[in-house]
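Undergrad: Mind folding the following:
(2 chains)
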Amino acid sequence: MSWWRHPWVHRILSWVLGAIFLYAAVPKVLDPRPLVTIIWGYRLLPPGPVNLVAIYMPFLELLVGLGLLTGVLRRGAAFWAFFLLSVFELALLVNAVRGVNVACGCFSQSATDVHNAWLLVLRDLPMWLGAGVLLFFPPEPQRQGAR
Amino acid sequence: MRRVVWESAVVLFLMLVLGTASNLLPSRHLAWWGRGQEPPRAGQDFQLLDVDSAHALWESLPGTVFVDTRTQQEYAAGHVPQALRLELPSLDHMLDNATRQRLGGAAAVVIYGSSEETDIEQLLAQALRQRIPEMPLPYVLLGGFAHWQGAGFPTEQGP
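TA: Numbers count the residues shown, from 1 in each chain, chains lettered A, B, ... in the order given. Got it, this is the predicted structure:
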């Protein structure tokens, strides 16, 4: 069995990613208004949909976090974790290439909390890879009595 | 594969239900469709102010108006004396004529909140500037009420 298909690798990855998503989601769920400024700061979306993203994305993060932590709808949560992290990575990468440092909006709600975009890309990369393992390499069931 | 599709659809459905329901709450409501509003900018919509300078304004400049963005409970527990309480989501409802005149005729306006992050205060400053053009460029207090209280400056309690 490949190590990345081991059930315990999946459990630990799910718990770590779930906790991160939950931690990131709670302040945005409580008050999504600062998120509008942060999403606007990425300069990727036209003005109209910015609010829709700020309204719905925190709940997607919350459901992903709960799904990965509890195991309820874990495969669906893994899909959305990989999707969200791919979008985040792409958005950060575009701004890194542009030479624009952005407020990530990942764990802080402040639009003034600006970081180097390349560092943010690197920071999110392990999470993106972890979500990829959860989605594309489902755990193999352990055989009873296997030595 | 079918399980991934099915569970992803359930998560999407739950997100739509929760997001829609929560955005109907007045305390955290956002317009469904963005209006292309520029984010607030320092120097254009507000200026940042440290707590000692805010206190100096409060002491020495009559006509300085403090605006509190925190909840009713937080405000009642303690606020800068005579501060106005304004909430961004219900701003148009709270901005009656007396409040507009008070802000429009203020010598200086200082907006403060509860935390180190001042994004709500910056958004409120921008919204006030759009609604009351004669108001002076508002200050946003760095550190919020916690810094004011921590420095031992005067506060008052009550609604």
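
Undergrad: what's the closest non-adjacent residue to residue 77?
TA: Chain wasn't specified; assuming chain A. Using Cβ to Cβ, 6 or more residues apart in numbering or on different chains and skipping the chain neighbours, the partner closest in space to residue A:77 is residue A:67 (2.8 Å). C-beta coordinates here come from the backbone N, C-alpha and C atoms, glycine included.

Undergrad: ah, no, chain B please
TA: Of all residues not flanking residue B:77 in the chain, residue B:157 sits nearest, at 6.5 Å (Cβ to Cβ, 6+ apart).

Undergrad: Please apply the same query to residue A:88.
TA: Spatial nearest neighbour of residue A:88, excluding adjacent residues (Cβ to Cβ, 6+ apart): residue A:124 at 5.7 Å.

Undergrad: Against residue A:87, how distant is that neighbour?
TA: To residue A:87, residue A:124 is 10 Å away according to Cβ to Cβ, to the nearest Å.

Undergrad: How about residue B:73?
TA: Look at residue B:73 and residue A:87: by Cβ to Cβ, they are 37 Å apart.

Undergrad: where in chain A is pLDDT low?
TA: A:1, A:108-114, A:142-147 (pLDDT under 70).

Undergrad: Where do the helices of chain B begin and end?
TA: Counting by DSSP state H, one finds helices in chain B at the ranges B:2-23, B:51-60, B:72-77, B:91-94, B:97-104, B:119-131, B:144-150.

Undergrad: Please export the alpha-carbon coordinates of the third one; PDB is fine.
TA: So the one you mean is helix B:72-77. Extracted C-alpha coordinates of helix B:72-77, given in PDB (Å, rounded to 0.1, in the frame of the first residue of the first chain):
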ATOM      1  CA  GLN B  72     -25.100  48.100  21.700                       C
ATOM      2  CA  GLN B  73     -24.000  45.900  24.600                       C
ATOM      3  CA  GLU B  74     -20.300  46.900  24.100                       C
ATOM      4  CA  TYR B  75     -21.300  50.500  23.900                       C
ATOM      5  CA  ALA B  76     -23.400  50.400  27.000                       C
ATOM      6  CA  ALA B  77     -20.500  48.800  29.000                       C
END
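
Undergrad: got a list of contacts for it?
TA: Applying Cβ atoms under 8 Å, 6 or more residues apart in numbering or on different chains, the contact partners of helix B:72-77 are B:68, B:83, B:85, B:114, B:145, B:157-159.

Undergrad: cool, and the second one?
TA: Helix B:51-60 is touched from outside by B:49, B:64, B:66, B:80, B:108, B:110, B:112, B:139, B:141-143, B:147-148, B:151, B:153, with contacts defined as Cβ under 8 Å, 6+ apart.

Undergrad: This completes my enquiry, with thanks.
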